[in-house]
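Chemist: Predicted model, plus sequence, below.
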Amino acid sequence: MAVRLFEGKKHAAAYLQYRVAPHELISRIMSYMEKKTPKQFNLAVDVGCGSGQGTILLAPYFSKVVGTDISPAQLEMALANRNPPNVSYRQCPAEELPFGSGEVDLVTAMTAAHWFDHQRFLQEADRLLRPGGCLALVSYTMDMELEYGDVSNTLNDICKELYAALLPFRNPHIRSGSEKIYLDMFDCCSYPDKEWNERLLIKRTMPLSGYIGMVETFSSYQKLQEKDPAEAERLSDDIRNKLLLTMKVSSPDTEVTVIVKYFYWLACKPCI
């Protein structure tokens, strides 16, 4: 059964503002495709596209890119973004995609597939893909790290406090960690030509407030905020203040390096 989250307008706006766009992973996906299939890159479909940060990264490689999502609020944010002319969006479930059989060259899902009905989604992706087309599923672990001067280790101990406080509010669907979900999906994929990749560390420099904002987009933080808004605000403020104190700065606009730990798997549909 698919899980529906991230559908409020405020949450969708924060998602667009703070989530990291993994252009390094797009390069890896395209390198894989170029090795596996003739250079026939007509249509890419980005499923569970959210506010479209990953979708637009595919635009230089394909004649047409379509992002799909179940959430009208997320798609509203995606449409408000600066989109290349070959990018468009459709509202639909991940398990019922409005494309013909064998029509798609690449199906991607970036930090979204763990919310899908896994078996139905894999069947739908197989229906869409042409022979030689590729499937790419991407996500990252919650334990992002910070780098700042010589206090990085102390900062990351504080970050671990934050993640531990949010753990009880994780959706039961991913309580044991999303990485296992992706491994299970990888094992369920029937394509013989497939590869599992862990871990790709992606670094981004951003204000400390950007890191806090990113964590506040997590479903676990959103759940805490829904249950106890005052406690969610207290936790966020407490962690921010501890980080600032350790960094010996007063402004949350101070830049830090955020390390996001991505994992992903790629598969190529057999040619008949």
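Modeler: Nice, thanks for sending it over. Computed from a prediction, not measured in an experiment: that's the story for all the values here. Numbers count the residues shown, from 1 in each chain.
Chemist: Please name the residues that touch the residue sitting nearest the centre point of the chain.
Modeler: Centroid-nearest residue in the chain: T111, 2.5 Å away (criterion: C-alpha atoms, centre = their mean). Counting by C-beta atoms under 8 Å, 6 or more residues apart in numbering, T111 makes contact with 19, 48, 50, 138-140. C-beta here means a position set from N, CA and C on the backbone, and glycine is covered the same way.
Chemist: Poorly predicted segments of the chain, please.
Modeler: Filtered on pLDDT under 70, the chain yields the residue ranges 1-21, 173-177.
Chemist: ok, 50 please
Modeler: Residues of the chain meeting the criterion pLDDT under 50: 1-18.
Chemist: And stretch 234-241, how far out from the chain middle?
Modeler: Distance of stretch 234-241 from the chain centroid (C-alpha atoms, centre = their mean, to the nearest Å) equals 25 Å.
Chemist: Would you mind measuring from the residue nearest to the centre of the chain to Q40?
Modeler: As for T111, its distance to Q40 is 27 Å (criterion: C-beta to C-beta, to the nearest Å).
Chemist: Over to T257?
Modeler: 39 Å.
Chemist: give me phi/psi at the residue nearest to the centre of the chain?
Modeler: With angles defined as degrees, to the nearest 10, T111 sits at phi 60, psi 40.
Chemist: Over to S101?
Modeler: According to degrees, to the nearest 10, S101 has phi -60, psi 130.
Chemist: Give me the three-state assignment for the residue lying closest to it once chain neighbours are set aside.
Modeler: Leaving aside its chain neighbours, S101 sits nearest to R127 (5.2 Å; criterion: C-beta to C-beta, 6 or more residues apart in numbering). Put simply, R127 is helix when judged by DSSP: H, G, I helix; E, B strand; the rest coil.
Chemist: Please enumerate the strands of the stretch 101-250 of the chain.
Modeler: For the stretch 101-250 of the chain, applying DSSP state E, counting those that start in this stretch gives strands covering 104-110, 129-140, 145-147, 193-207.
Chemist: Which of these sits closest to K227?
Modeler: Closest approach to K227 among the strands of the stretch 101-250 of the chain is made by strand 129-140 (24.8 Å; C-beta to C-beta).
Chemist: Wait, the residue nearest to S101 touches P98, no?
Modeler: No - counting by C-beta atoms under 8 Å, R127 stays clear of P98, with 11.8 Å between them.
Chemist: more crowded one of these two?
Modeler: Set side by side, R127 and P98 show more neighbours around R127, with 15 against 11, by other C-beta atoms under 10 Å.
Chemist: Okay, the more buried one and Q119: tell me how far apart.
Modeler: 13 Å.
Chemist: before we move on, what about A94?
Modeler: As judged by C-beta to C-beta, A94 and Q119 stand 12 Å apart.
Chemist: neighbour-wise, which of the two wins?
Modeler: A94 (23 against 11).
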